[in-house]
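Undergrad: pasting the sequence and the predicted model now:
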Amino acid sequence: MTEVAVVILNFNGIDLLRKFLPSVIRNSTEAHIVVVDNGSTDGSASMMAIDFPSVQLIRIEKNLGFCGGYNLALKQIGATYYLLLNSDVEVTPGWITPLVNTMKGNPKAGAVQPKILAWKNKTHFEYAGAAGGMIDSLGYPFCRGRLFHSLEEDQGQYNDLARVFWASGACIMVRSEVFHAIGGLDEEFFAHMEEIDLCWRMQRNGHEVYYQGASTVYHVGGGTLSAANPRKTYLNFRNGLSLLYKNLPTFQVWTRLPVRILLDWIAAFKFSLTGQLKDGLAVFRAHRDFFLNWKRERIKRKAEGRLGYHRPETFYSGSIVWQYFVLGKRKYSELN
């Protein structure tokens with residue numbers, strides 16, 4: 001069994017693989033590299049066999065989403081640490097060693113992410129992860145280095161090792177035994193918010209999540225679904241409700257979920273009033289489907305109940321919506 005397996009899930013990303021896989025191969029000599037083709041129809045698998053014959057290829061016949069694709073593939077890979085990496089990420093020399101050292105130095109660590117900067121603007125943090133993910137009392141995610149769409153410039157302010165609430169699915173190292181012990185990714189999420197749910201369950205199970213600023217990667221973002229895609233809006237809002245319902249203590253479910261729903265509706269109306277009607281409708285469809293599948297959600301919550309509902313130390317007890325939209329805070333360092 002290898003120590004580190006870098007696992008890249010691909011769906012119709014032939015151009016991204018051609019562009020970014022060489023940097024992974026060049027800078028990951030200490031790891032076993034695997035590309036998982038998730039039912040692509042663009043010739044990705046054939047290209048891999050011809051252009052990158054040294055890279056292991058796992059083929060899945062249909063698109064199982066981020067969650068299903070990784071769950072199926074990781075069952076076939078023997079490694080102490082899985083390093084899940086998006087296909088639109090450029091890695092840098094020595095990026096793996098600090099992540100491995102973090103896991104080895106912290107026996108409770110279930111996951112760790114590197115510093116994630118924007119590939120298109122390499123002086124600034126990237127939306128999906130930045131310097132480690134956090135979550136507020138209503139389930140809204142944000143990051144050290146990124147509050148909503150406000151991205152900080154990297155000036156070395158996050159060149160640290162820190163405990164965070166969640167590590168980004170764009171580049172996340174997970175301890176394989178922990179990943180499998182808690183059941184992997186929730187496949188009903190399909191994609192988006194799934195890494196937050198995974199990290200929340202890890203912490204409920206007694207593990208910790210870290211950010212390691214000594215490792216750096218550059219992420220394009222929106223490689224599969226762009227930020228303006230209503231499908232992405234739908235998944236984020238639907239999965240956001242599921243995330244809270246699965247993991248919050250009972251009292252907080254019934255006090256915080258209604259507030260979250262109200263704020264989501266406000267967001268939907270804002271989408272509609274600014275010309276993003278499809279995104280506004282996507283929010284309402286997300287809520288509709290969440291409640292139509294209430295029985296399934298209850299089953300999942302009951303199954304996860306064995307982990308208990310204690311609040312992780314990294315949970316932000318305030319409201320990022322209030323801090324950002326009312327008080328005008330734009331940097332993580334400005335938060336209370």
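TA: Right, received. Where do you want to start?
Undergrad: so which elements touch the worst-scoring helix or strand of the chain on mean pLDDT?
TA: In the chain, no helix or strand scores lower on mean pLDDT, DSSP states H and E than helix 294-304, which sits at a mean of 90. Judged by 3 or more CB pairs under 8 Å, 6 or more residues apart in numbering; DSSP states H and E, helix 294-304 is in contact with helix 230-247. For glycine as for every other residue, the C-beta is placed from the backbone atoms N, C-alpha and C.
Undergrad: need the CA coordinates for the helix it packs on. CSV is fine.
TA: Extracted as CSV, the C-alpha positions of helix 230-247 are listed here (Å, rounded to 0.1, in the frame of the first residue of the first chain):
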residue,chain,number,x,y,z
PRO,A,230,-28.3,27.5,-12.0
ARG,A,231,-27.5,23.8,-11.4
LYS,A,232,-24.7,24.9,-9.0
THR,A,233,-27.1,27.3,-7.3
TYR,A,234,-29.6,24.4,-6.9
LEU,A,235,-27.0,22.0,-5.4
ASN,A,236,-25.6,24.6,-3.0
PHE,A,237,-28.9,25.6,-1.6
ARG,A,238,-30.4,22.1,-1.4
ASN,A,239,-27.2,20.6,0.1
GLY,A,240,-27.0,23.6,2.5
LEU,A,241,-30.3,22.6,4.1
SER,A,242,-29.4,18.9,4.2
LEU,A,243,-26.0,19.8,5.8
LEU,A,244,-27.7,21.6,8.7
TYR,A,245,-30.5,19.1,9.2
LYS,A,246,-28.0,16.2,9.3
ASN,A,247,-25.5,17.7,11.7
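Undergrad: centre of the chain to the helix or strand that it is followed by, how far?
TA: For helix 230-247, the succeeding helix or strand toward the C-terminus, using DSSP states H and E, is helix 250-273. Averaged C-alpha coordinates place helix 250-273 at 22 Å from its chain's average position (CA atoms, centre = their mean, to the nearest Å).
Undergrad: ok, and for helix 250-273, which residues are buried?
TA: Under the neighbour-count criterion of 16 or more other CB atoms under 10 Å, helix 250-273 has Val253, Arg256, Leu257, Arg260, Ile261, Asp264, Ala267, Ala268, Phe271, Ser272 buried.
Undergrad: now stretch 155-170
TA: Gln157, Tyr158, Leu161, Arg163, Val164, Phe165, Trp166, Ala167, Ser168, Gly169, Ala170.
Undergrad: now, the most widely separated pair of the residues you listed?
TA: Greatest spatial distance in the buried residues of stretch 155-170: Gln157 and Gly169, 23.5 Å, computed using CB to CB.
Undergrad: in TSV, list the buried residues of helix 250-273 along with pLDDT and distance to Gly145.
TA: Output for these, formatted as TSV (pLDDT from 0 to 100; distance: CB to CB, whole Å):
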residue	pLDDT	distance to Gly145
Val253	91	30
Arg256	94	26
Leu257	94	28
Arg260	96	24
Ile261	96	29
Asp264	96	25
Ala267	94	23
Ala268	96	28
Phe271	95	25
Ser272	93	30
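Undergrad: could I get those residues as TSV with distance to Phe237?
TA: Listed next are these as TSV, based on distance: CB to CB, whole Å:
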residue	distance to Phe237
Val253	17
Arg256	15
Leu257	13
Arg260	10
Ile261	10
Asp264	6
Ala267	8
Ala268	8
Phe271	10
Ser272	14
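Undergrad: for this structure, which segments are assigned as helices?
TA: 14-27, 44-51, 65-74, 96-105, 176-181, 194-204, 230-247, 250-273, 277-292, 294-304, 320-321 (DSSP state H).
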